[in-house]
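Quick one, fold the following:
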Amino acid sequence: MPEVRELALRAREASRVLAGTSSATRDQALLAMAAAMLERADLILASNLLDMQAAREAGTPGPLLDRLMLDEGRIAGIAAAIVALAREADPIGEVVSGHRMPNGIWLTQVRVPLGVVAMIYEARPNVTADAAALTVKTANAVILRGGSIALRSCMAITEVLADAIQTVGLPRDAIQYISSTDRAATDELMSLHGLIDVLIPRGGAGLINTVVANSKVPVIETGVGNCHVYVHAGADVSMAVPIVTNSKCQRPGVCNAAESLLVDEAIAAEALPPIVRALADAGVELVGDARAVALGGGFVAAATEDDWGTEYLDLKMSIKVVPGLDEAIAHINRYGTRHSEAIVTGDYEAAKRFVDEVDAAAVYVNASTRFTDGGEFGLGAEIGISTQKLHARGPMGLVALTSTKFIGMGSGQVRA
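Have a look, this model is predicted:
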């Protein structure tokens, strides 16, 4: 689609302007963005109301409605997060390393913007503001492509934020949104190698797999979270119960919520009944293997093979009783999505093996999976949680939106 390419060309020009701006100017832009979110909240809320009405009429599930919904409190939270981001240290220009070469050239490696960042995401209008703020802070231009369910909300937020940065002299084209809901627009975006420097999909497995399989633009994989909590034979059951329930129930529709519980058979008879009762009391639908069903007191239905690999994003959880640590690690590495995994144990050696051998961006010992978050990690706002191993892994804050360049300062040296 020609209009998508035109957006990318304008974003490329804007990125070159941003690369020459000062940290102070970009922080001023962030403060203007935060103020505009509050001052023009009526526009955003009116747009979101239309999205919510359409989503309800379409039978959208509750957790997705929760992701879509904005109110004055959430807008205030978005604005506060942008203000906090303005106070964060600017990574652009940071000297990563430096040394003098034998020929006398002084060589430094410094952080620079990626250039043009594109994001494809689903029913989360707050991602629009998060991505715009993070990219402005790091002198990148951004092209946003949200799900059709949140179209009005995302376009309103984009308009508000693009207007705001223009008031302090930054190019309006640094924050752009693809308004077309045609699948061809996404296909065109994924083809623009050379105009777009990196593409970040944020959403369910279907979206991420499609982007990874079809994009010609470098992709950072994010978000899919089939996360586990493993209650080891050495666990304190009184600790395990709140860790499991918090991991599952504190906010079930997000990628760092636990979807599966593994319990060591040596402790299953003691641990499963109180954990199951706590989950059932919280309204969680439970499915499990034969031993989990037997110990579940009537609250656990039989699981299918598909359940072990399912990211429910809802009040549902699978339960499996495993013979020991080896089987728990093998199960997680087979069915997990390399996002967030937890073990509950008082056994140091078991904890160390779990941390070393489980393949995930974040691994916890005696703590909830719900902490995998840029704010909780002290990284500030995040653009997503990377589950890959190249460039960035885990919550992607400011540094993840930078690259580096080498600068050689010489005095006439030529290579022999």
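
nearest spatial neighbour of residue 311, skipping sequence neighbours?
residue 226 (4.8 Å; CB to CB, 6 or more residues apart in numbering). (C-beta placed from N, C-alpha, C; glycine too.)

Look up phi and psi at the one you found.
phi -90, psi 80 (degrees, to the nearest 10).

ditto for residue 406
When quoted as degrees, to the nearest 10, the phi and psi of residue 406 stand at phi -100, psi 130.

how about it, what does it touch?
Residues near residue 406 by CB atoms under 8 Å, 6 or more residues apart in numbering: 107-109.

7 Å - rerun?
Applying CB atoms under 7 Å, 6 or more residues apart in numbering, one finds that residue 406 lies in contact with 107, 109.

what pLDDT does it get?
pLDDT for residue 406: 97.

In the sheet, which residues pair with it? Tell me.
Bridge pairing for residue 406 (DSSP bridges) gives the partners residue 109.

any idea how far residue 16 is from it?
Distance of residue 406 to residue 16, given as CB to CB, to the nearest Å: 20 Å.

Could you give the average pLDDT over stretch 313-330?
Here the average pLDDT along stretch 313-330 is 97.

So for that stretch, what gets flagged as buried?
Across stretch 313-330, burial judged by 16 or more other CB atoms under 10 Å covers 313-322, 325, 327-329.

Looking at these, spot the one nearest residue 219.
Nearest to residue 219 among the buried residues of stretch 313-330: residue 313, at 21.7 Å, using CB to CB.

quick one: contacts of the helix or strand containing residue 209?
Element membership for residue 209, per DSSP states H and E: helix 205-214. Contact with helix 205-214 is made by 120, 122, 190, 199, 201, 219, 221, 223-224, 311, as judged by CB under 7 Å, 6+ apart.

right, and out of the buried residues of stretch 313-330, which lies closest to residue 155?
Taking these together and measuring to residue 155 by CB to CB, the closest member is residue 313, at 24.9 Å.

The closest one reaches residue 62, doesn't it?
No: shown here, residue 313 and residue 62 do not form a contact pair, counting by CB atoms under 7 Å, at 10.3 Å.

low pLDDT regions in the stretch 201-350 of the chain?
Along the stretch 201-350 of the chain, no part satisfies pLDDT under 70.

Strands of that one, start to end?
Under the criterion DSSP state E, counting those that start in this stretch, strands of the stretch 201-350 of the chain are mapped to 227-231, 258-264, 285-288, 300-302, 316-322, 340-344.

Sheet-wise, list the partners of the first one with their directions.
Based on DSSP bridges, the strands next to strand 227-231 in the sheet, each with its direction, are strand 258-264 (parallel), strand 340-344 (parallel).

Pick the most buried one from these.
The highest mean neighbour count among these, using mean count of other CB atoms under 10 Å, belongs to strand 340-344: a mean of 29.

just how off-centre is that strand within its chain?
Chain-centre distance of strand 340-344: 18 Å, with CA atoms, centre = their mean, to the nearest Å.

Please export the C-alpha coordinates of that strand as CSV.
Only the C-alpha atoms of strand 340-344 are listed here, as CSV (Å, rounded to 0.1, in the frame of the first residue of the first chain):
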residue,chain,number,x,y,z
SER,A,340,8.9,-16.2,32.9
GLU,A,341,9.2,-19.3,35.1
ALA,A,342,9.3,-19.8,38.8
ILE,A,343,10.3,-22.5,41.3
VAL,A,344,9.1,-22.6,45.0
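
Please list the residues outside it that contact it.
225, 227-232, 235, 239-240, 243, 247, 256, 332, 351, 354, 358, 360-369, 372.

same thing with stretch 319-329?
230, 232, 261-265, 268, 286, 288-289, 291-292, 300, 331, 350, 353-354, 357-358.

which among those residues end up buried?
Neighbour counting by 16+ other CB under 10 Å classes 230, 232, 261-264, 268, 286, 288-289, 291-292, 300, 331, 350, 353-354, 358 among the contacts of stretch 319-329 as buried.

Which parts of the chain belong to which domain?
For the chain, the structural domains run 2-220+396-409, 227-371, going by automatic domain parsing.

so which of those comes closest to residue 387?
Of the domains of the chain, nearest to residue 387 by CB to CB is domain 227-371, at 4.5 Å.

returning to that earlier point: could you dump the strands paired with strand 227-231 to a markdown table with distance to residue 146?
Shown next, in a markdown table, are the strands paired with strand 227-231 (distance: least, CB to CB, whole Å):
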| stretch | distance to residue 146 |
| --- | --- |
| strand 258-264 | 24 |
| strand 340-344 | 24 |
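
ok, back up a step: got a markdown table for the buried residues of stretch 313-330, with distance to residue 90 too?
Output for the buried residues of stretch 313-330, formatted as a markdown table (distance: CB to CB, whole Å):
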| residue | distance to residue 90 |
| --- | --- |
| 313 | 35 |
| 314 | 39 |
| 315 | 41 |
| 316 | 42 |
| 317 | 42 |
| 318 | 44 |
| 319 | 46 |
| 320 | 46 |
| 321 | 50 |
| 322 | 47 |
| 325 | 44 |
| 327 | 47 |
| 328 | 42 |
| 329 | 40 |
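
Just give me the closest of those residues to residue 278.
Looking across those and measuring by CB to CB, the closest to residue 278 is residue 317, at 11.3 Å.

which residues does that closest one contact?
248, 259-261, 279, 284, 286.

Where do the strands of the stretch 51-200 of the chain begin and end?
So, for the stretch 51-200 of the chain - with DSSP E, counting those that start in this stretch - the strands run 95-100, 106-113, 116-121, 141-145, 175-177, 198-202.

For residue 71, which of those strands is the nearest?
The nearest among those, by CB to CB, is strand 116-121 at 20.2 Å.

What is the closest one packed up against?
The helices and strands touching strand 116-121, judged by 3 or more CB pairs under 7 Å, 6 or more residues apart in numbering; DSSP states H and E, are helix 2-19, helix 125-137, strand 141-145, strand 198-202.

Residue 160 is nearest to which of those?
Short answer: helix 125-137, nearest of the helices and strands packed on strand 116-121 by CB to CB, at 8.8 Å.

and residue 199, how many neighbours?
24 (other CB atoms under 10 Å).

on that earlier part again, of the contacts of strand 340-344, buried ones?
225, 227-232, 235, 240, 243, 247, 256, 332, 351, 354, 358, 360-369, 372.

Bridging across strands, which residues link to residue 175?
With DSSP bridges as the rule, residue 175 is bridged to residue 142.

That one reaches residue 131, doesn't it?
No: at 8.7 Å, residue 175 and residue 131 do not qualify as touching, with contact defined as CB under 7 Å.
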